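Asker: This is the structure alone, sequence omitted:
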């Protein structure tokens, strides 16, 4: 199919897209084609509006009173907005800190529950920060860190394993890991599982409760569109909550923080995984952006995401494969998250050149160009525009 | 002195105040009298302006490109703005996370440097979150937590002591601890000292470098006016940096974070105390608010702070002592931070009633009313207005 025909087809698909109207929530500049929602989601009109109110009314006018009037309840409230997006029950998710800090809390809590064991298993292709955090936890607990590729994780789990951690959607290839299989084998050996949902939440469905996941963490600024450095989240299975401790037990994790007791007593619920004061501006922005998810079906969202990336791969086969680009993501859409990675020797320079023209993707060493297809705001025609530009290299 | 005479005197002092013009940086609502800068600083015109640019230009328009164009450098840049305010050299302070998390990093790093020792000494009247974090570190390292009142800290330090931690200005009484004495005795026993500067930075001078402090942490949203939940900071003495590890070693602490190496290698400088992605909006707001400090003398700031709180205590003696209020802060201004605490049996109700009228202070159990006198924006006449209202109870 030539690119003119592809554009006609894409317009037709866009016209029939039941989610097409969602793009109107996003204030994407005219002339910008954005394929980096996997790194930083764009500004929503609601985030702007809520930030304005937070600055002008809540901070400027109400000042300290806003803590009682609104802000103290925010981590739990925003956690409850994220919960349905990752298949978790209400009051099992809380919003706080960044992903690496939450992963530290989850791993430390998990390891403390299995301290008679000696190994932590981690996906060696995990996002490096996750590996660094796991290295630190292993060192502190004198455990061995077993780092293996995703398809060897199951084989690496045994009765020495305290905890297994991996990212659901690989940050480079977008490969979706076998959550159900890995979690089951982890449990069958009496170990605990910590999933990182950084590239999942808001684009790929997840079933934290139904799959009996122990812990999960994730990011607020990618497909959830919370804005730069928006806070992250942590999920803890309710069955583990009462016996779970985490080392960053600041006052927000206390049963009664405003009693200022000298001794620490953890809160009963998920807020025992908080530490200190929430960054209000960023969390407000995230809360506002999450409104987009209110009325939509996650199944339809996933369907559109797969449609966009499949169209991209079809056009890759026709127009890019012969030009030295290689497909570095799974062909089967069921195994693929919401971005597609292409290998290209000149990838870094090309990403930079395109960025200067307003066609925005990102680059990961050594030679990967990543293209995020965010079903909330990317159109099928966007995909054609992208391929057109790539094929002109 | 009756309150009419006090007001005349206060106006006179305000007219001669070399810092009076700094109030013009702050957008405090008409009719609001704000005595809670010790909890949450008010909005500056610059923060509003910078937040607007961050949202509209950096996030909306530049999107992911802003990381390279500006945001990645922010934690170090903002740290360098805070450094002179706490008497630290450039590149020894970094801005990140919240105070409790930074305290955890500092204590864990300190304890790892003294792991042959068995005790952590903490001020029992420290802000409770600091005690909870110290409890957690002690538990992880199987150390004993020795919690004593401030005036017993020096006596509690011995060769078993790994680390001593206390807050420079007590969050309730505003008592200033003897930094020089405590740090010296700590060092003379071979232990390390971690100071919390939450109620110091921006109102009370501190000499991190000159007093050879090992670690310090502090808060961005009190006297630094960064906005609700603004990030905190951490200082590490350069002589300790190379041998210091901290457990939250996320990718931002890596020597080359964007090489995505599998193994963790700490950055050479203070950025090894970072963890993950900075919350951009809150950090931008803090950076903007710090501009106020550009041109001012910290000595003059301290002088005004002492003048304001001394005026308040003089008026307390004349108008409030007889009405059941008790002074719970040091009389000697040299020993007093930038707020004054009064005990009052009906304190909670009175703080609430005043707040509804726009005269804003805060309350800490069991019966403490706290009045912050922020030399950047509070006037001497504000103090008279406050006493007038309190004396009318």
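Answerer: Cool, the structure landed. Every value quoted in this text rests on a predicted model; they were computed, and no experiment measured them.
Asker: which of the residues in the helix or strand containing residue A:53 are buried?
Answerer: Using DSSP states H and E, residue A:53 falls within helix A:45-53. Buried residues in helix A:45-53, defined by neighbour count with 16 or more other C-beta atoms under 10 Å in any protein chain shown: A:46, A:47, A:48, A:50, A:51. C-betas here are computed from N, CA, C, even on glycine.
Asker: can you put these in a markdown table and add distance to chain B and pLDDT?
Answerer: Listed next are those as a markdown table, based on distance: C-beta to the nearest C-beta, whole Å; pLDDT from 0 to 100:
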| residue | distance to chain B | pLDDT |
| --- | --- | --- |
| A:46 | 12 | 98 |
| A:47 | 8 | 98 |
| A:48 | 6 | 98 |
| A:50 | 11 | 98 |
| A:51 | 6 | 98 |
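Asker: which residues sit against the helix holding residue A:53?
Answerer: Residues outside helix A:45-53 that contact it (C-beta atoms under 8 Å, 6 or more residues apart in numbering or on different chains): A:25-27, A:225-227, A:281, A:284-289, A:291-292, B:51, B:55, B:281.
Asker: can you give me how far that helix is from the chain middle?
Answerer: Its chain's average C-alpha position is 22 Å from that of helix A:45-53, according to C-alpha atoms, centre = their mean, to the nearest Å.
Asker: Tell me what angle that helix forms with helix B:45-53.
Answerer: Counting by axes from the mean of the first three to the mean of the last three C-alpha atoms, to 10 degrees, helix A:45-53 lies at 180 degrees to helix B:45-53.
Asker: so where do the strands sit in chain A?
Answerer: Secondary structure of chain A (DSSP state E): strands located at A:33-34, A:93-96, A:119-123, A:144-148, A:161-167, A:192-196, A:215-218, A:232-236, A:326-327, A:339-343, A:359-360, A:362-364, A:368-372.
Asker: domains of chain A?
Answerer: A:3-30+A:297-391, A:50-293 (automatic domain parsing).
Asker: Comparing these, which stretch has the densest surroundings?
Answerer: Ranked by mean neighbour count, the domains of chain A are led by domain A:50-293 with a mean of 22 (mean count of other C-beta atoms under 10 Å in any protein chain shown).
Asker: Show the end-to-end separation of that one, please.
Answerer: 16 Å (C-alpha to C-alpha, to the nearest Å).
Asker: So which residue is dead centre in chain A?
Answerer: residue A:198 (2.1 Å; C-alpha atoms, centre = their mean).
Asker: hmm, the helix or strand bottoming out on mean pLDDT in chain A in reach of chain B?
Answerer: Least confident element among the helices and strands of chain A, by mean pLDDT, DSSP states H and E: strand A:362-364 (a mean of 93). Yes. Strand A:362-364 lies within reach of chain B by C-beta under 8 Å from any C-beta of the partner chain, at A:362, A:364.
Asker: which residues sit against that strand?
Answerer: So strand A:362-364 is in contact with A:36, A:38-39, A:171-172, A:341, A:347-348, A:351-352, A:369-370, B:64, B:260, going by C-beta under 8 Å, 6+ apart.
Asker: max-length helix in chain A?
Answerer: helix A:298-319 (DSSP state H).
Asker: gap between that helix and the chain center?
Answerer: 19 Å.
Asker: which other helices and strands contact it?
Answerer: helix A:3-16, strand A:339-343, helix A:380-391 (3 or more C-beta pairs under 8 Å, 6 or more residues apart in numbering or on different chains; DSSP states H and E).
Asker: hmm, who's touching it?
Answerer: So helix A:298-319 is contacted by A:1, A:3, A:6, A:10, A:13, A:17-19, A:85, A:174, A:203-205, A:325, A:327, A:329, A:331, A:333-334, A:336, A:338-340, A:342, A:371, A:373-376, A:378, A:380, A:382-384, A:386-387, A:390-391 (C-beta under 8 Å, 6+ apart).
Asker: Could you work out which of the domains of chain A reaches nearest to residue B:265?
Answerer: With C-beta to C-beta, the closest approach to residue B:265 among the domains of chain A belongs to domain A:50-293: 9.4 Å.
Asker: Residue A:37 touches residue A:224, doesn't it?
Answerer: No. Using C-beta atoms under 8 Å, residue A:37 is not in contact with residue A:224; the gap is 9.7 Å.
Asker: returning to what we had before: least confident of the strands of chain A, on average?
Answerer: Lowest mean pLDDT within those: strand A:362-364, at a mean of 93.
Asker: What pairs with that strand, parallel or antiparallel?
Answerer: strand A:368-372 (antiparallel) (DSSP bridges).
Asker: Next to chain B, which bits of the stretch 151-300 of chain A? Give me the list.
Answerer: Checking the stretch 151-300 of chain A against chain B by C-beta under 8 Å from any C-beta, the hits are A:221, A:227-231, A:247-254, A:258-264, A:275-283, A:285.
Asker: Out of the residues you listed, list just those in helices.
Answerer: Mapping these onto helices (DSSP H) picks out A:280, A:281, A:282, A:283, A:285.
Asker: for the residue with the largest distance to the centre of chain A, what are its contacts?
Answerer: Distance from the C-alpha centroid of chain A peaks at residue A:262, with 36.5 Å (C-alpha atoms, centre = their mean). Contacts here follow C-beta under 8 Å, 6+ apart; on that basis residue A:262 touches B:124, B:128, B:131, B:147.
Asker: Could you measure from the first one over to chain A?
Answerer: As defined by C-beta to the nearest C-beta, to the nearest Å, residue B:124 lies at a distance of 6 Å from chain A.
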